[in-house]
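Chemist: Need coordinates for the following:
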Amino acid sequence: VARREASGEFELRWGIIGCGDVCERKSGPAMRKVPGSSIVAVMRRDLEKARDFAQRHGVHRVYNRVEDLLADPLVNAVYVATPPHLHCEMTVKAAESGRPVLVEKPMARTPDECRRMIRACALNNVLLMVAYYRRFFPMTRHLQELVAGGDLGEVRHARLYLTFATRISPTDERAWRWNPEISGGGQLMDIGSHRIDILHCLFGPASEATAWFDPHPPDKVERTVSATVVYRSGVVVSILVDEGMAFPEDCLEIQGTKGRLVARPFDTNLTVHTLARGKRTYSFQVPQPSHEKLIAHFLDVMRGQARPLIPGEEGIQANLVIDAIYRSALEGRTVAVESVDVDL
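Modeler: Modelled structure (predicted):
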C-alpha cells in the first residue's frame, strides 16, 4: 500500500506500536517535527497509558490491539517501539499489512528473528529500517570521513569502553531490560548495540569474536563483557561493557599507522592526533530530538529520494556480532560471526 503511493508528495502517517519512553523523548517529537511526517494512531496494551500519550501528543486514534491499528486506513507507516521480544512479531504483522516498518534497536533478540523480519518485508515489498539513529549524528559522520579518508593511515586497532553506574532497581519499570527473554541480553544488547552498529559502519562486517562475561548470579544477564572482535577489513577491536563503575565512561579510541583519535564522550568530544596535522579537537552537538534525521531519511527513502542507510540487512549486523560475543563467552572459544543469509 505505502510503496504504491510513495512519491515526492508522500507524507508519513505513523502508527506507533508501543508508545513508551523512547516515543516520549526521542521518536515521537521527531515524527511531529519533520515536515511531511505525523502521528495518526498509537497502540499500547495498557489502554490508559496509550490514551495518556495520545492526549499529550495530539493523537486522536488509540488502540490496545495491534490488529486494530493495522486495520486503520489512515496509517501508512508503522513504528515498532515495543521491548525487543515483540519486534519480530510486530514487524512481520506490519509487513503483511503492506506497510513500511521502522523498528527500534536492537533489531530483535536473535539473528534468526532479524532474518524473519527481513524476509517478511522483502516478500511483501515494504521498506524495513532499523532505528540506529546515531548513524546520523555529526560525530559519526566525522569518524567515517577520518577513517575512510586515510587521515589515520591504515587503521589496525580500536578500543570501545562503555561502562555504567549501578544497575537500576528490579522494581523499576525499565527492569525488563535485564530479562533476556524480553531484551535478548544486558547492556551489550541494549545500549551496546548502538556502539556495535557504529563499529560496523566504520569497519564493515566482522569475522570472529573471542569473549568472556560475568553474569553475577542470580542476575540473568551479564554485568561485565570483555571481547575482542576481528573485522574482515583487518581491524581488531577490544570491547569492554561493565556495570557498577564509580566513573562511567563512553569512549572509542581508534589507532592507525599515521594517527589516532579518541571520542570521549562518544557522541560529543573528539581528539585527533595525526603525523600530518598534529593535534586537533572537535566538539559536536547531539541533535534534538535524536530521531529527527532518521525520520527525515525514512521519508526521503519513501519518496524515492534516497537509498535506505540502515535497512534490515544492515540492522542485523549488530545482532550478528553480539550473538557471536555471547556464544564465545558461553562456549569458551573463538566464534565465527554468522553471515546474513536470508532465504526468500
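
Chemist: which stretches of the stretch 101-250 of the chain form helices?
Modeler: Under the criterion DSSP state H, counting those that start in this stretch, helices of the stretch 101-250 of the chain are mapped to 111-123, 138-149, 180-183, 192-203.

Chemist: Save these as TSV, and put in mean neighbour count and mean pLDDT too.
Modeler: (Each C-beta comes from the backbone N, C-alpha and C, glycine too.) Formatted as TSV, the helices of the stretch 101-250 of the chain follow (neighbours: other Cβ atoms under 10 Å; pLDDT from 0 to 100):
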stretch	mean neighbour count	mean pLDDT
helix 111-123	21	98
helix 138-149	16	97
helix 180-183	16	94
helix 192-203	22	98
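
Chemist: mind checking which of the ones you listed is nearest H60?
Modeler: Taking Cβ to Cβ, helix 111-123 is the member of those nearest to H60, at 28.1 Å.

Chemist: sorry, back to before: how about a markdown table for the helices of the stretch 101-250 of the chain, with distance to T171 added?
Modeler: Below are the helices of the stretch 101-250 of the chain laid out as a markdown table (distance: least, Cβ to Cβ, whole Å):
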| stretch | distance to T171 |
| --- | --- |
| helix 111-123 | 28 |
| helix 138-149 | 35 |
| helix 180-183 | 16 |
| helix 192-203 | 24 |
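
Chemist: Any idea which of those gets closest to K220?
Modeler: Taking Cβ to Cβ, helix 180-183 is the member of the helices of the stretch 101-250 of the chain nearest to K220, at 5.4 Å.

Chemist: For the closest one, C-alpha coordinates in PDB please.
Modeler: The C-alpha coordinates for helix 180-183 follow below in PDB (Å, rounded to 0.1, in the frame of the first residue of the first chain):
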ATOM      1  CA  PRO A 180      16.900 -11.900  28.500                       C
ATOM      2  CA  GLU A 181      13.600 -13.500  27.400                       C
ATOM      3  CA  ILE A 182      12.400  -9.900  26.800                       C
ATOM      4  CA  SER A 183      15.600  -8.000  26.000                       C
END
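
Chemist: any idea which helix or strand comes after the helix or strand of the chain with the lowest mean pLDDT?
Modeler: Least confident helix or strand, the chain: helix 2-5 with a mean of 45, by mean pLDDT, DSSP states H and E. Toward the C-terminal end, the helix or strand that comes next after helix 2-5 (DSSP states H and E) is strand 12-17.

Chemist: residues making contact with that following strand?
Modeler: With contacts defined as Cβ atoms under 8 Å, 6 or more residues apart in numbering, strand 12-17 is touched by 23, 27-28, 31, 34, 36-43, 66, 69-70, 72, 74-82, 86, 90, 94, 99, 295, 298-299, 302.

Chemist: at 7 Å what do you get?
Modeler: 23, 31, 36-43, 66, 69, 72, 74-82, 90, 299, 302 (Cβ atoms under 7 Å, 6 or more residues apart in numbering).

Chemist: Neighbouring strands - and their directions - for that strand?
Modeler: Paired strands of strand 12-17, with direction, are strand 37-43 (parallel), strand 77-80 (parallel) (DSSP bridges).

Chemist: List the buried residues for the top helix by length along the chain?
Modeler: Longest helix in the chain, counting residues (DSSP state H): helix 312-331. Across helix 312-331, burial judged by 16 or more other Cβ atoms under 10 Å covers 312-329.

Chemist: Which elements pack onto the following helix or strand past that helix?
Modeler: Using DSSP H and E, the helix or strand that follows helix 312-331 towards the C-terminus is strand 335-336. Applying 3 or more Cβ pairs under 7 Å, 6 or more residues apart in numbering; DSSP states H and E, one finds that strand 335-336 contacts strand 206-214, helix 312-331.

Chemist: Just checking: what are the partner strands of strand 335-336?
Modeler: Here, using DSSP bridges, strand 335-336 pairs with strand 206-214 (antiparallel).

Chemist: Just the residues contacting the strand it pairs with, thanks.
Modeler: With contacts defined as Cβ under 7 Å, 6+ apart, strand 206-214 is touched by 222-232, 321, 324-325, 328-329, 334-337.

Chemist: between the strands paired with strand 12-17, which one is nearest to W176?
Modeler: strand 77-80 (15.8 Å).

Chemist: what mean pLDDT would you report for the closest one?
Modeler: The pLDDT scores in strand 77-80 average 98.

Chemist: What lies in contact with it?
Modeler: With contacts defined as Cβ under 7 Å, 6+ apart, strand 77-80 is touched by 2, 12-18, 27, 87, 90-91, 94, 99-104.
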